[in-house]
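Trainee: This is the structure alone, sequence omitted:
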């Protein structure tokens with residue numbers, strides 16, 4: 001079930017692991033619309049919801065989806081273990097590291113890590 005939570009005064013839309021796969025810009029727009037309507041500043045989506053193409057940078061799926069979130073000023077958290085993807089691709093590993101340095105898209109292991117990020 002999708003729930004709106006407030007973590008350190010930041011409204012966050014938490015999406016469940018089970019649901020329609022996120023494979024294209026249109027899927028991102030659905031999440032953004034839903035989260036925006038509820039007043040969220042961040043959409044937290046389990047990594048398993050993303051189509052495998054998202055984790056293959058040459059497909060440009062990740063770039064297109066992340067760009068939509070940036071365009072609509074909505075933060076995106078890819079929540080969970082992405083190590084099988086990063087171990088297979090140094091480019092993805094670098095991409096994840098760069099995203100985590102910013103304030104728009106984060107790849108985080110768990111909700112505790114999210115709580116720490118939103119503290120500051």
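Mentor: It's in. The structure displayed is predicted, hence computed values, not measured ones.
Trainee: Not counting its neighbours along the chain, what's nearest residue 111?
Mentor: residue 79 (7.2 Å; C-beta to C-beta, 6 or more residues apart in numbering). Glycine gets a C-beta too; all of them are placed from N, C-alpha and C.
Trainee: how far away is the one you found from residue 115?
Mentor: Residue 79 sits 12 Å away from residue 115, going by C-beta to C-beta, to the nearest Å.
Trainee: Give me the more crowded residue out of these two.
Mentor: Neighbour totals were compared for residue 79 and residue 115, and residue 79 leads with 23 against 14 (other C-beta atoms under 10 Å).
Trainee: Report the beta-bridge partners for that one.
Mentor: residue 46, residue 108 (DSSP bridges).
Trainee: so the closest residue to residue 57 other than its chain neighbours is in which element?
Mentor: Leaving out its chain neighbours, the residue that sits closest to residue 57 by C-beta to C-beta, 6+ apart is residue 91, at 5.3 Å. Per DSSP states H and E: residue 91 is located in helix 90-101.
Trainee: That helix packs against which elements?
Mentor: Contacts defined by 3 or more C-beta pairs under 8 Å, 6 or more residues apart in numbering; DSSP states H and E place helix 90-101 against helix 83-88, strand 105-108.
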